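Predicted model follows, preceded by the sequence.
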Amino acid sequence: MPRTMFDKIWDQHVVTELGDGWSLLYLDRILIHDLSGGRAIREITEAGHSVAEPRKVFAVPDHAVSSAPGRSAATFKTGEALEKSLREYSAKAGVHYFGLGARGHGIVHVMAPELAIVLPGVTLACGDSHTCTNGGVGAMAFGIGASELGHALATQTLPQRKPKRMRIRYEGVRGAGVTAKDMILAAIGRFGTAAGTGYAIEYAGSAVRALSLEQRLTLCNLSIEMGAKVGMVAPDDVTFAYLEGRDFAPKGRAWEAALADWRALPSDDDAVFDTDHVIDMADVAPQITWGTSPEHVAPITGRVPDNADAAALEYIGLRAGQALAGTKVDWVFIGSCTNSRLSDLRDAAAVLRGRRVAPHVTAWVVPGSEIVKQQAESEGLHRAFLDAGFEWREPGCALCVAANGESVPAGARCVSTSNRNFVGRQGTGARTHLASPAMAAAAALAGEMVDVRRF
Amino acid sequence: MDAFKTVTSVAIPLMRANVDTDVIIPIQRLLGGTRQGLGPYAFERMRADPEFLLNRAEYKDGAIMLAAENFGCGSSREGAVWALMGMGVRCVIAPSFGDIFFANCFQNGLLPVRLPIEDVRRIAAETEAAPGNARTTVDLERMVVVTPTGAEIPFTTDPRKRDAMLHGLDDISLTKRHADAIATWRARDATARAWAWDSVR
Ligand code: SF4
């Protein structure tokens, strides 16, 4: 019986069938962060349980920490207790901990692939919906809530119902200025934010094979914005070259054994998906959102639709039928688990070099991790940003979520490389437009939404 | 977890699509690290508008919420469920839900009921036709919704989840009954996929 990659990983991790379509799945890795990690360990401890396999659990404070240059955990007072709780409960339980400033610190979905905590063929759960990002290495990674997180920690397993399988094939060649961010936004625009509900999505096709590993992470990152808990890309030589030698990658003979297993993971040629879509890359231009849902998206050459949602337009301050290019921008944010990796910063810096941010624009770049930050500094990228007039900040979720004392002011319009343009996401009254790092950099220079292909 | 058998109350006809968890509870209210006391902050940004549904007296004690497609999409924050329960909501009826929110509901004893949009609209219309007097019942034992005019609409719920809800069962204890199966699986896997174990010792 031909199987999809998802089926292969799923089948391997079933501990026992629970009846009524439920399986008890083993989790190879668990990630926890400051918003819920400390509390989860405390709650299971108080209920008389303990962390089942602490060496398979990795903790990092990222959401509620300031990204201000030179910050400490105390810079954002409200988050200080969350960081402390995560740190102390992690130490008590004996889980891996990556504190502020330490090698390995960063946004949880940036540091996990970067350290090879996540590997092809593993199952990984984290109390965060963008855990799907990790599927870019060929893992089955999904977000869970606080109670499920407690269950995962106490048992290293989770009862799950098998989702349906969807494949989205991107065929053809990426045009100029088109990135993985544009590919996934275009899919969400076409299929809608609920199309993936109840599905695990595999991204395939020639244009996906041609993506770097970091771009595959970006592609998978927005799976949850299509409703899917899981997004994944089959591992290949690009994946293996990326992972080899990283901190938690298998070494020596174990690496060879792993490679043999990983090469058998891709979906069988005749595997059947419950839903199968094809996107022709000729139809994918650089994208930007115009409303308050990721499905409110259009090519930068496009217009706000005539039948656009009225409440969204009122919040965002645009009119139906209005051209997107030329819309004045006040803020630019380059960062988040979607687009804060080294290649993202290189893309943006390439647009910025030798130019200046428009005087009325506040522009931030927040590297996704300590390692990204150091690599960027060693190749001089930070100079390109600073010289252009950007702020060069410390790793964390920062302006993606406004849970750390940082926010876009009410009424201000921000082009952001993050993944959610929800009402109030970047701050009360803040207006968010999602786009790629290069598009965001171009908007910062022009002071308005602009087609990056002009730069 | 709180057990859930049946609830009878006025239904709050929110009837919007894509109500995300950021809207249900702003992240800034979840930095205190507790599950309690979130009710007053549920839909905080929408409540700023005095005309908003939840500011109206007739819906103040509503324990059932009606919504359109994709309720609870977005962030995995379980605080969205805690906030809804904190304001007294025990059941949400909508055509579809965000996957993580849906799972979180069952962990806490908030019942998510999937009904076709026509049925949800019907309950909303009957509720609005009799302001302050319309009562809807959601009965998990019989798996029916009784509309304000007395019509019965059947719904389905996952049998495993229904059982846990009716009895207020806790998942961790249930799973620990499979401790032997987990131990067997681990022993086999530690040899079969040694690479998945070695690198995190
Ligand atoms: S960067 Fe944004 S989307 Fe990613 S984990 Fe942090 S808050 Fe969530």
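The structure has been received and is ready for your questions.

Quick one: mean pLDDT for the longest helix seen in chain A?
The residue-count maximum for a helix in chain A (DSSP state H) belongs to helix A:77-93. Across helix A:77-93, pLDDT averages out at 97.

CA-only coordinates of that helix in PDB, if you can.
Output in PDB follows, covering the C-alpha atoms of helix A:77-93 (Å, rounded to 0.1, in the frame of the first residue of the first chain):
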ATOM      1  CA  LYS A  77       8.900  43.800  33.700                       C
ATOM      2  CA  THR A  78       5.600  41.900  33.100                       C
ATOM      3  CA  GLY A  79       7.500  39.100  31.300                       C
ATOM      4  CA  GLU A  80      10.200  38.800  33.900                       C
ATOM      5  CA  ALA A  81       8.200  36.300  36.100                       C
ATOM      6  CA  LEU A  82       7.500  34.100  33.100                       C
ATOM      7  CA  GLU A  83      11.100  33.900  32.100                       C
ATOM      8  CA  LYS A  84      12.100  33.100  35.700                       C
ATOM      9  CA  SER A  85       9.400  30.500  36.000                       C
ATOM     10  CA  LEU A  86      10.500  28.800  32.800                       C
ATOM     11  CA  ARG A  87      14.200  28.900  33.900                       C
ATOM     12  CA  GLU A  88      13.600  27.600  37.400                       C
ATOM     13  CA  TYR A  89      11.100  24.800  36.400                       C
ATOM     14  CA  SER A  90      13.400  23.800  33.500                       C
ATOM     15  CA  ALA A  91      16.300  23.400  35.900                       C
ATOM     16  CA  LYS A  92      14.200  21.500  38.400                       C
ATOM     17  CA  ALA A  93      12.900  19.100  35.800                       C
END
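
so who does residue B:77 touch?
Neighbouring residues of residue B:77 by Cβ atoms under 8 Å, 6 or more residues apart in numbering or on different chains: A:35, A:145, B:21, B:25, B:27, B:30. From N, CA and C alone the C-beta is placed, and that goes for glycine too.

With respect to residue A:302, which of the residues you listed is nearest?
Of all the contacts of residue B:77, the one with the least separation from residue A:302 (Cβ to Cβ) is residue B:21, at 29.0 Å.

which among the contacts of residue B:77 gets closest to residue A:9?
residue A:145 (21.8 Å).

pLDDT score for the closest one?
We have a pLDDT of 95 for residue A:145.

and what of residue A:180?
98.

ok, now which ones touch it?
A:211, A:215-216, A:218-219.

average pLDDT across the following helix or strand past the longest helix of chain A?
Heading C-terminal from helix A:77-93, the first helix or strand you meet, by DSSP states H and E, is strand A:96-97. Strand A:96-97 carries an average pLDDT of 98.

which residues does the closest residue to residue A:58 other than its chain neighbours contact?
Spatial nearest neighbour of residue A:58, chain neighbours left out: residue A:96 (4.6 Å); criterion: Cβ to Cβ, 6 or more residues apart in numbering or on different chains. Listed by Cβ under 8 Å, 6+ apart, the contact set of residue A:96 reads A:55, A:57-59, A:90, B:200.

let's see 10 Å
A:31-32, A:54-60, A:90, A:104, A:115, A:117, A:248, B:200 (Cβ atoms under 10 Å, 6 or more residues apart in numbering or on different chains).

Neighbour-wise, which one of these leads?
Counting neighbours by other Cβ atoms under 10 Å in any protein chain shown, residue A:32 comes out on top of the contacts of residue A:96 with 32 neighbours.

Helices of chain B, start to end?
Using DSSP H, helices in chain B cover B:21-24, B:44-47, B:79-86, B:99-108, B:117-129, B:159-167, B:171-176, B:179-192, B:195-198.

Pull the residues that contact the second one.
Where contact means Cβ under 10 Å, 6+ apart, the residues beyond helix B:44-47 that reach it are A:423-424, A:428-429, B:14, B:16, B:19, B:22-26, B:28-29, B:38, B:40-41, B:52-55, B:83.

nearest to residue B:72, of the contacts of residue B:77?
residue B:21 (5.8 Å).

returning to what we had before: could you list which of the contacts of residue A:96 belong to helices?
Among the contacts of residue A:96, the ones falling in helices (DSSP H) are residue A:90.

Mind checking which of the contacts of residue A:96 land in strands?
A:31-32, A:57-60 (DSSP state E).

Save these as JSON lines, and put in distance to residue A:413 and pLDDT too.
Formatted as JSON lines, the ones in strands among the contacts of residue A:96 follow (distance: Cβ to Cβ, whole Å; pLDDT from 0 to 100):
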{"residue": "A:31", "distance to residue A:413": "33", "pLDDT": "98"}
{"residue": "A:32", "distance to residue A:413": "34", "pLDDT": "98"}
{"residue": "A:57", "distance to residue A:413": "40", "pLDDT": "98"}
{"residue": "A:58", "distance to residue A:413": "37", "pLDDT": "98"}
{"residue": "A:59", "distance to residue A:413": "36", "pLDDT": "98"}
{"residue": "A:60", "distance to residue A:413": "31", "pLDDT": "98"}
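
now for those residues, which pair is the farthest apart?
A:57 and A:60 (11.1 Å).

Return every residue with contacts to both of these two.
A:31-32, A:37, A:90, A:96-97.

Just give me the closest of these to chain B.
residue A:96 (7.9 Å; Cβ to the nearest Cβ).

Distance check, the closest one against residue A:134.
16 Å (Cβ to Cβ, to the nearest Å).

all helices of the stretch 351-455 of chain A, in order?
A:370-378, A:381-388, A:437-446 (DSSP state H, counting those that start in this stretch).

Nearest to residue A:184, out of those helices?
Across these, closest to residue A:184 is helix A:437-446 (Cβ to Cβ), at 13.7 Å.

helices or strands next to that closest one in the packing?
helix A:180-191, strand A:287-289, strand A:331-334, helix A:342-352, strand A:362-365, helix A:381-388, strand A:413-416, strand A:431-434 (3 or more Cβ pairs under 10 Å, 6 or more residues apart in numbering or on different chains; DSSP states H and E).

about what we covered before: please see if the longest helix of chain A touches chain B.
Yes. Residues of helix A:77-93 contacting chain B under Cβ under 10 Å from any Cβ of the partner chain: A:78-82, A:85.

still on that earlier bit, columns distance to residue A:225 on top of the helices and strands packed on helix A:437-446, output as JSON lines?
JSON lines is the format used below for the helices and strands packed on helix A:437-446 (distance: least, Cβ to Cβ, whole Å):
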{"stretch": "helix A:180-191", "distance to residue A:225": "6"}
{"stretch": "strand A:287-289", "distance to residue A:225": "10"}
{"stretch": "strand A:331-334", "distance to residue A:225": "17"}
{"stretch": "helix A:342-352", "distance to residue A:225": "18"}
{"stretch": "strand A:362-365", "distance to residue A:225": "22"}
{"stretch": "helix A:381-388", "distance to residue A:225": "27"}
{"stretch": "strand A:413-416", "distance to residue A:225": "13"}
{"stretch": "strand A:431-434", "distance to residue A:225": "9"}
